[in-house]
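Need the 3D shape of this:
(one chain, ligands or ions: 1)
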Amino acid sequence: MKILLGCMLLASGLAMANSHDEAHKPKSFTASGKKIVFVNYKEVTYQITYDINRGRAHALADMNFTATEAGYPVFDSMVRPTSIALNGKAVREMEVKAPQGETQMRIPSEQVAVGDHKLTVEVPLGSKNYGGGGVPAQFGGGGVRSAFWNSDIDNRGLLERYLPTNFEFDRIKMKFIVNLVGAKVPHSIFTNGTQKEISPNVYEIEFPNYFTSSSIYFHITPTAGVKTLNFDINSKFGNKIPTTVYTLNSANADAELAQFKTATTRIINELENDYGKYPHPNLVIYAQSPNGGGGMEYAGAAVTSIGALGHELIHSFFGRGVMPANGNAGWIDEAIATWRDRGYPNFPVLDFQTRMGNQSYYTRWTNVNAYDYGSRFIGHMNYKLGDIKPFLADLLANDKFKPLFTEEFMAKMEAFYGKSFSGEFKQYIMHTHDVIPNQRRGRFKEGESVNPIHAPISEKRLIEML
Ligand SMILES: [Zn+2]
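Residues are numbered from 1 along each chain as shown. Below you'll find the model as predicted:
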């Protein structure tokens, strides 16, 4: 009886997880006479091989998915795969565009029926495959320096930049097997997954099963090149948060790490006071010097300068705790984070309209209006509601790790306060076009970064950071 009950609970848990992902799956469409269908990836294992002697790297992804509609199943990889198999049979692949051209994705050359299937996709991780879009691996000195840096203000800027994966709505149980062939120096792996060395120079990293294409933090580099500080943050909820701060080795490294430790502890305490328990099992911070360029958030991890630390840490609550299901929900966390950066101001009156939550249906990036105008919107709602923080804390407590749409964010706010906010959302967030007051118009254009926090990082800097 006990065993049976356990099985039933497990089965209903899986059904719940899948129904959430199903409900957030983009709609199917037709391209080149083919029915393109989005599917639900359940388990993906990546065998990542760094051949240090030959200066080459590649990844082989085993991707198990469920199709609830027959058609050509979507996966994505910005780099063209070198081989692909569907249910063990070699096939070809092609890239297709979303109906309004807003993004691209890949499909195998054969259709699938409703049911469970497996795609096996191999991609190169060589620097020559990345024209200005990030360099995943550099070899030298008997070692490799490699990372999968995200950008959520670019099309195809998440895990798909490096590895085959799904769109951001999908929670996938992911595992890396990292193999260093011919390593002559010790390496360190910094990650938000759980790592173990399963044989010499072979590492297994398991990520939480709620991770999406925007969650993973992975950086491998020769140990001699970095300085690391490990410590616990005492959560106000009684637990300890195991924290790692690391930085490139330099004369200032120890002082820098100490400064990050103090600031990180203070900011996590502040955020837990406002929004509740820090939602991740641990925290990894790659400390950058003040002139190191922008930062980027991951689930319980961040690349950041000291100035952007608060911004990146609140993203572990909003952005990678409460998660966007698509590009049209990406504004929510940037708005909240920037509102905090600005000291939580009230905005009694707003004088703009935007479509930051109403871009073309398949858009995968965050609209840059999210920072300035999004934070004004949150400050406006805070003014109207007296205090919006209790709602945000409630959202984190009840909806963390469940990717959501802007419409759901609004519905949850309406349910919390017992009022309709459709007028405000339609005007300021989900309008059909942007109207920005004259004095601020022209400060930024679509697709251009306006926030130093997430400013584009040069390719030279991205390589230095490895
Ligand atoms: Zn941000």
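
so who does residue 137 touch?
50, 57, 125-127, 144-146, 466 (CB atoms under 8 Å, 6 or more residues apart in numbering). Yep, even glycine has a C-beta here, placed from its N, CA and C like the rest.

Now, those residues that are in strands?
Within the contacts of residue 137, residues falling in strands by DSSP state E are 50, 57, 144-146.

quick one: which of those residues is nearest residue 120?
residue 57 (17.8 Å; CB to CB).

who does the closest one bridge with?
residue 50 (DSSP bridges).

what's the burial count for it?
When counting by other CB atoms under 10 Å, one arrives at 23 neighbours for residue 57.

likewise residue 365?
Going by other CB under 10 Å, the residues that sit close to residue 365 add up to 22.

likewise the one 5 residues further on?
Residues lying near residue 370 (other CB under 10 Å) number 28.

and what of the one 4 residues further on?
The local packing count at residue 374 equals 28, with neighbours defined by other CB under 10 Å.

count of neighbours near the residue nearest to residue 417 when sequence neighbours are not counted?
Closest residue to residue 417 apart from its sequence neighbours, by CB to CB, 6 or more residues apart in numbering: residue 385 at 5.9 Å. Residue 385: 16 surrounding residues under other CB under 10 Å.

wouldn't residue 385 be in contact with residue 416 here?
No - Residue 385 lies out of contact with residue 416 (CB atoms under 8 Å); the separation is 9.0 Å.

what is in contact with these two at once?
Shared contacts of residue 385 and residue 416, counting by CB under 8 Å, 6+ apart, come down to residue 391.

if we can go back for a sec, nearest to the ion, of the ones in strands among the contacts of residue 137?
residue 146 (24.3 Å; CB to the ion).

Could you tell me how many residues sit around the residue in the stretch 101-250 of the chain that the ion sits nearest to?
Of all residues in the stretch 101-250 of the chain, the one sitting closest to the ion is residue 152 (8.1 Å; CB to the ion). Residues contacting residue 152 under the criterion other CB under 10 Å number 22.

any idea of the pLDDT on it?
pLDDT for residue 152: 75.

Same check on residue 180?
At residue 180, pLDDT is 98.

Am I right that it sits in a helix?
No - read with DSSP: H, G, I helix; E, B strand; the rest coil, residue 180 is strand and lies in no helix.

what sits against the closest residue to it other than its chain neighbours?
Of all residues not flanking residue 180 in the chain, residue 201 sits nearest, at 4.1 Å (CB to CB, 6+ apart). When contacts are counted by CB under 8 Å, 6+ apart, residue 201 touches 179-181, 183, 187.

I'd like those written out as CSV, with distance to the ion and neighbour count added.
Shown next, in CSV, are these (distance: CB to the ion, whole Å; neighbours: other CB atoms under 10 Å):
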residue, distance to the ion, neighbour count
179, 34, 17
180, 33, 23
181, 37, 15
183, 35, 17
187, 30, 21
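
what's the closest of the residues you listed to residue 28?
Relative to residue 28, the closest of the contacts of residue 201 is residue 179; by CB to CB it sits at 36.9 Å.

List the contacts of the nearest residue to the closest one once chain neighbours are set aside.
In this structure, residue 179 finds its nearest non-sequential neighbour in residue 49, 4.7 Å apart by CB to CB, 6+ apart. Going by CB under 8 Å, 6+ apart, residue 49 touches 57-60, 179, 181.

Please produce JSON lines containing the contacts of residue 137, extended by pLDDT and distance to the ion.
Shown next, in JSON lines, are the contacts of residue 137 (pLDDT from 0 to 100; distance: CB to the ion, whole Å):
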{"residue": "50", "pLDDT": "96", "distance to the ion": "30"}
{"residue": "57", "pLDDT": "94", "distance to the ion": "29"}
{"residue": "125", "pLDDT": "91", "distance to the ion": "27"}
{"residue": "126", "pLDDT": "74", "distance to the ion": "30"}
{"residue": "127", "pLDDT": "63", "distance to the ion": "27"}
{"residue": "144", "pLDDT": "96", "distance to the ion": "29"}
{"residue": "145", "pLDDT": "95", "distance to the ion": "25"}
{"residue": "146", "pLDDT": "95", "distance to the ion": "24"}
{"residue": "466", "pLDDT": "90", "distance to the ion": "22"}
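
From the contact counts, what lies against the helix or strand harbouring residue 85?
Residue 85 is part of strand 83-86, with elements assigned from DSSP states H and E. For strand 83-86, the contact count by 3 or more CB pairs under 8 Å, 6 or more residues apart in numbering; DSSP states H and E identifies strand 115-124 as packing neighbours.

for the strand it packs on, packing partners?
Against strand 115-124 (3+ CB pairs under 8 Å, 6+ apart) you get strand 56-67, strand 83-86.

which of those is buried the deepest?
strand 56-67 (a mean of 20; mean count of other CB atoms under 10 Å).

The helix or strand just after that strand: partners in the sheet, and parallel or antiparallel?
Following strand 56-67 in sequence order, the next helix or strand is strand 72-73 (DSSP H and E). Counting by DSSP bridges, the strands paired with strand 72-73 are strand 34-37 (parallel).
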